[in-house]
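A.B. asks: Dropping the sequence and predicted coords here.
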Amino acid sequence: MTRYLKEIISGTWSLFVGMGITIKYFFQPVVTLQYPHEAVPMTPRYRGHTQLVWDERKGGDKCIVCNACMKTCPSGCISLAGEKLEGAKQKSLTKYELNFTTCSLCGLCVEVCPTEALEFSKDYNIAGRSEDEFKYDLLKRLKETHS
Amino acid sequence: MSIDYEVIRLAAFIVGIIGFVALNAAYLVWLERKEAGHIQRRIGPKEVGPYGLLQPMADGLKLMSKQLLVPDGVDPVLFKIAPILVMTPAIMSFVTIPFSETLAPRNLDVGLLAVFAFASVNVLGLLLGAWGSRNKYAVISAARVVSQNVAYEVPMLVVIVTMVMVTGTLNMHDIVTQQMGGFWQWNIFRLGVSPLMPVAFLIFFVCMLAETNRAPFDMAEAESELIAGVFTEYSGMGFGVFFMGEYANIVVGTSIATVLFLGGWSCPFGLFPGVHWFLIKMYLLIFTVIWIRWTFPRTTFYGLLNLSWKILVPVSFFNLILTSALLKVF
């Protein structure tokens, strides 16, 4: 009989304890983000697709078209072209294409670059309807973001 | 002249009750989703309208635009009247519930009895819906619903008998007027009559949760075990009406709890009684009902029946005997 009563009282008490916990959570601030309207700020080490670094002094990319990134890329997803402009000491970039469908984000291209012209972007909201949408022209992107 | 007045009064109350029930059914879904969200530290509905306030309208439109499927092999009559049999008694119960001194459709002397008479039809609706569906899941679920409702009707009615003994009337208006003038007059705190009054309230509340098929006793739906329980074959607004009936039943249950234990429309401090106090108490209880749903997981069926037959029934009978003894002595 005492065990029965004890069980009822402790059981009822445990129910109230549980409800106390949930009401505490009810008044705590919301932790989720309203995703399409809000986005998480990415950590500095996040590896999105690679992008060209903007050079403030030159007002353009830092690339010298040494082709090191293209050669080191294990999946061969980088293709770039450059030409020597009149009066310039180095070649300058005319096209930098990244095929993100085959890129494995190993980061060898970023490491190997002698002028630090490449970096990882913080972009993670990427979706598309066809494969072609993931063939990025990084030079065009750089100019679009800094125009 | 007097007949005209009666007709107008009748029409006004019919429109008022149906509007109140429909609005509650729609916005309790919104409240439920918001509260669930905040308990889980999300926001809940937010896209449709400010604070997601137009979400019930959107849900209603969606449900109404769906085809009302009547599958082959069902009993068409039972299948179609079942949702109505769940909804109608819920609306009928409002006839006797006094929202304030003057705001009550009918002041019946057997008001409490009438409410419980209507409330028991709810089970019949679920049972017929499941039987008419010719679906094994639905029939299994209906068996569970019936055994659950039988199990919980017993302690609930024993508590009601206790309350009727204490108040000496079945008239809900009189029950409230006895409790006027401060919260210490409410039945839940009348410890002089019976020291187990708060326990009686607790038993009533638990039984109300089970009677309205709310979590943690939602055996009627039990969507993780029985697909959708008795609603398996229902589509569109057929399903919607079942759910409106469920929410209307919650409103009825909390209203009765308010009238019986929390002093109806009386103010806790004896000032300005009125319909607002009734609504505040009722919605606080509804908030608690939803809060319970998002705190506890669904019980097993054994747990459910054990709770009723081993704990609620003996305790409520003990309360009945104790109260009657104390009433006889003092």
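C.D. replies: Ah, there it is.

A.B. asks: What residues does chain A have near chain B?
C.D. replies: Residues of chain A lying near chain B by C-beta under 8 Å from any C-beta of the partner chain: A:8, A:12, A:15, A:18-19, A:21-23, A:25-26, A:28-32, A:34. Just so you know, the C-beta spots here come from the backbone N, C-alpha and C atoms, and that holds for glycine as well.

A.B. asks: Centre of the chain to stretch B:249-264, how far?
C.D. replies: 8 Å (C-alpha atoms, centre = their mean, to the nearest Å).

A.B. asks: Then stretch B:293-306?
C.D. replies: With C-alpha atoms, centre = their mean, you get 18 Å for stretch B:293-306.

A.B. asks: that older thread, could I have the buried ones of the residues of chain A next to chain B as PyMOL selection syntax?
C.D. replies: In PyMOL syntax, the buried subset of those is picked out as below (16 or more other C-beta atoms under 10 Å in any protein chain shown):
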select buried, chain A and resi 8+15+19+22+23+26
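
A.B. asks: Strands - which of the residues of chain A next to chain B land there?
C.D. replies: Assignment to strands by DSSP state E places none of the residues of chain A next to chain B there.

A.B. asks: Show me which of the residues of chain A next to chain B has the smallest pLDDT value.
C.D. replies: Of all the residues of chain A next to chain B, A:Gln34 carries the smallest pLDDT score, 82.

A.B. asks: Mind checking which of the residues of chain A next to chain B land in helices?
C.D. replies: If you go by DSSP state H, those have A:Ile8, A:Thr12, A:Leu15, A:Gly18, A:Met19, A:Ile21, A:Thr22, A:Ile23, A:Tyr25, A:Phe26 in helices.

A.B. asks: SS state for the closest residue to the fourth one other than its chain neighbours?
C.D. replies: Take A:Gly18 and drop its neighbours on the chain: the residue closest to it by C-beta to C-beta, 6 or more residues apart in numbering or on different chains is B:Thr295, 5.2 Å away. Reducing the assignment at B:Thr295 to three states with DSSP: H, G, I helix; E, B strand; the rest coil gives coil.

A.B. asks: burial of B:Thr295, as a residue count?
C.D. replies: Residue crowding around B:Thr295 was assessed by other C-beta atoms under 10 Å in any protein chain shown; the count is 19.

A.B. asks: so what pLDDT did A:Trp54 get?
C.D. replies: In this model, A:Trp54 is scored at 86, pLDDT.

A.B. asks: Tell me the helices and strands packed up against the helix ranked longest in chain B.
C.D. replies: When chain B is parsed with DSSP H, its longest helix is helix B:2-39. Applying 3 or more C-beta pairs under 8 Å, 6 or more residues apart in numbering or on different chains; DSSP states H and E, one finds that helix B:2-39 contacts helix A:2-27, helix B:55-65, helix B:76-93, helix B:236-261, helix B:275-293.

A.B. asks: Show the average pLDDT along that helix.
C.D. replies: Mean pLDDT, helix B:2-39: 86.

A.B. asks: What residues of that helix count as buried?
C.D. replies: Buried residues in helix B:2-39 (16+ other C-beta under 10 Å): B:13, B:17, B:20-22, B:24-26, B:28-39.

A.B. asks: on that earlier part again, quick one, phi psi at the residue nearest to A:Gly18?
C.D. replies: B:Thr295 has phi and psi values of phi -100, psi -40 when expressed as degrees, to the nearest 10.

A.B. asks: That'll do, ta.
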